[in-house]
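Peer 1: quick one, fold the following:
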Amino acid sequence: MSKTAEKPRRILSSGFVKMKVKAIANRIDALLVVGAPNSSNSKRLVEVGVKNGTARGLLVQRASELDWSTLQAVPYTHLTLPTIYSV
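Peer 2: Presented below is the predicted three-dimensional model:
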């Protein structure tokens, strides 16, 4: 690999993401998951957040689907994706 070539990205597994959501769920007021509505991983992330203390879990496929006014009074919101690409 040349020095100018782009560094390959790591893919963090959905299991890793679930573990992280579980760890912060009781410290956030809302969890916003961006993913496909028919994705079991996306749905599971919302479930994990709510089960572990997040007051509100939301699943949206794109920003245009989100009613931002519902988050105006929420002090701590976490945004996550079912699979995260790490640089």
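
Peer 1: and for K43, the neighbour number?
Peer 2: Neighbour count for K43, taken as other C-beta atoms under 10 Å: 17. To be clear about C-beta, it is placed using only N, CA and C from the backbone, and glycine gets the same treatment.

Peer 1: any idea how far V60 is from it?
Peer 2: According to C-beta to C-beta, to the nearest Å, K43 and V60 sit 12 Å apart.

Peer 1: with K22 instead?
Peer 2: 21 Å.

Peer 1: just give me the neighbour total for the residue nearest to N26 when sequence neighbours are not counted.
Peer 2: Residue nearest to N26 in three dimensions, not counting chain neighbours: G53, with 3.2 Å by C-beta to C-beta, 6 or more residues apart in numbering. Per other C-beta under 10 Å, the neighbour tally for G53 reads 14.

Peer 1: quick one: G53 and A25 touch, right?
Peer 2: Yes: applying C-beta atoms under 8 Å, one finds G53 in contact with A25, separated by 4.6 Å.

Peer 1: can you map out the strands along the protein?
Peer 2: Read by DSSP state E, the chain holds these strands, from start to end of the chain: 10-12, 30-34, 56-60, 77-80, 84-86.

Peer 1: residues near Q72, how many?
Peer 2: Other residues close to Q72 by other C-beta under 10 Å number 7.

Peer 1: cool, A55 as well?
Peer 2: By other C-beta under 10 Å, the residues close to A55 number 14.

Peer 1: quick check, pLDDT for the nearest residue in space to it that is not next to it in sequence.
Peer 2: In this structure, A55 finds its nearest non-sequential neighbour in D29, 5.2 Å apart by C-beta to C-beta, 6+ apart. Looking at D29, its pLDDT reads 88.
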